[in-house]
Each structure stands twice: as structure tokens, then as C-alpha cells.
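>>> Sequence and predicted structure are below.
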Amino acid sequence: ALATGAVLQAKAPAESAAYVQVALTRYYWFPGAWQWYEQLGLIAPLLVLWLVRRLSPLLAQTGIALGGISLAVALAFSHEGDATHLVARLQPLRAYQVVYELMILLLGAWLGERVLQARAWRWAVLLVGMGGVMGWAQRETFAHTPHLEWPGTPPGNAWQQAFVWAREHTPKDALFALDAHYITRGRGEDAQCFRAIAERSALPDYSKDGGEASITPDLTEAWLTGVTAQTGLEKEPDAERERRLRPLGVSWAVLETASATAWSCPYANGTVKVCRIP
């Protein structure tokens, strides 16, 4: 694996400055850029697998080997300052998905054998406790979206309401603009996806579409053009918005309600509004 990584790095074509910019938005490619608790997540599962290896030596050894190889490749070839980011783009640490699955499987077996045993109340306490913690974390993460959404009920998230309105009241060939960082910075947006809900086209955003461009370099220029046009969209005056968006064929925009604009906005709620670009 290390030899293959070395060959790929040596033979990789030169990268454009624009692509380097999009690659560096994917901080999770580079272990050196992680927080300490994220780096701990690379070592802890391997240690857990070693501690419970007696339950299934083959599975434990497989997980440790897979994690160790992927970690070695990432540490050797996934650096922000490298001349090329080809190996980083392959994301060798994705192998940890399998490592974590093996860790959960074997750790659960160890708990069942050593702690929970045949005591129903112990299993109940564990499941209720884990479910409670996960439910609390989910509510904290997506605080502006109903925890349960029943069929036939209107959307509870304000951004989702605006996206549904756009789906039902704008032309199917409409092209939308939203602030480049709306997914991560939009108040109460809760990672709603405009295209999936509105069923309308939109210029590329920084976070989600940056991931697409990072693994498909041919999309770099389109991504950079869209992100540049939409950065600061919420705070710019209408004249500047029109100067940026008209050449790209944008006909509608989604802005936060507090954004000042003289455009016609046929839909608005307390958080977000949908406006037609004149």
C-alpha cells in the first residue's frame, strides 16, 4: 500500500491553483489538521479491537491490520502542503468505517458476555441509555427541525418550508442562488438540501458541492465560479448581487429574512425568503 501510494504521488499530474483551493476545504483528508479528539478516534478503535481480540482473533486482526495500513498511508501521503493531493483524494481513512463496524460488533459481544449476560434489565438499561444519549445529540444537532416528521404534515423547518414553496411556485428551469455557506452558517438550516427538496437547480455551494469538486477536479472551475458569486450574498446590496448573478443566468435567490433587498419576495417566513431577481 505504501509503495502504491509513493508511485501515485510521483506520477500524479500537476494540480491547478483552483483545485488546490478546493482540496484544502476537505480538512478531513489531512489527519494533521484534525482536532486531538478526532485523532484519538484513529487510535482508540485499534486499541479496543486488541483488548477484545479473544472473542474473534480473525476479525480483530483484520480490523487492526486494515486500520493500521490506512493510517500509515494517510500519514505518509495526506498532507495539506504536498505538491499533489492524489492519494489524499482517495481518502484512505474511509477504511475506518469497516474498522468501527468490527469494533462495535466485538465490543457488543464482549459486553453481552461479560456484563449484560442473561439479565434483561441490564440490556434494557443499556439500550434506553444509549438511545437517550443519541436522541439528545440528534436534537441538539438539528434543533430547528422536528424530531419526528409524519406523512402528510407540513414541514417544520423554516428553510424546508421555503424550499417546498420554490418547488411548487417557480418554473422547473429556474436557477437559484443561495449564500455559498448556507448549509453550515444559515440560522436553523439544519443541513436541509435545496436541490433535493425544491427540485430546482442551484449554483454550487461551498460545503456539499465542494466535496463533489474535490473528488472530480473537472468541476473545480464551475464550483469556484459559483462559490465566488454567492459568497457574502446575504450582506451585499442588490446591485452587487445582480452584477454577480445575472451573467450566470440566475433568476431566483433564497435569502435570510433579515437580508435587505428591494427585490420582489413572494414568499417569506420568520427565517428565510424566496426572491425573484429582476
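Sure thing, it's come through.

>>> mind listing what residue 88 touches?
Taking Cβ atoms under 8 Å, 6 or more residues apart in numbering, we find residue 88 in contact with 23, 26, 29-30, 74, 77-79, 82. C-beta coordinates here come from the backbone N, C-alpha and C atoms, glycine included.

>>> Could you do residue 97 as well?
Counting by Cβ under 8 Å, 6+ apart, residue 97 has no contacts.

>>> Make 421 the starting number, not 1.
OK, 421 is where the count begins now, so the last one is residue 517.

>>> And the helices in the chain?
Per DSSP state H, the chain carries helices over the ranges 422-431, 437-443, 456-471, 477-497, 506-510, 516-531, 540-561, 578-589, 602-605, 614-618, 628-635, 640-650, 658-665.

>>> PyMOL command to pick out the buried ones of the contacts of residue 508?
Command for PyMOL that selects the buried part of these, burial taken from 16 or more other Cβ atoms under 10 Å:
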select buried, resi 443+446+449+450+494+497+498+499+502
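
>>> can you tell which of the helices of the chain is closest to residue 694?
Closest approach to residue 694 among the helices of the chain (Cβ to Cβ): helix 578-589, 5.4 Å.

>>> which secondary structure elements does the closest one contact?
helix 614-618, strand 672-676, strand 684-688, strand 692-696 (3 or more Cβ pairs under 8 Å, 6 or more residues apart in numbering; DSSP states H and E).

>>> Just the buried residues of that helix, please?
578-586.

>>> Show me which positions of stretch 553-567 end up buried.
Of the residues in stretch 553-567, those buried (16+ other Cβ under 10 Å) are 562, 564-565.

>>> can you give me the offset of it from its chain's centre?
When C-alpha coordinates are averaged (Cα atoms, centre = their mean, to the nearest Å), stretch 553-567 and its chain have centres 17 Å apart.
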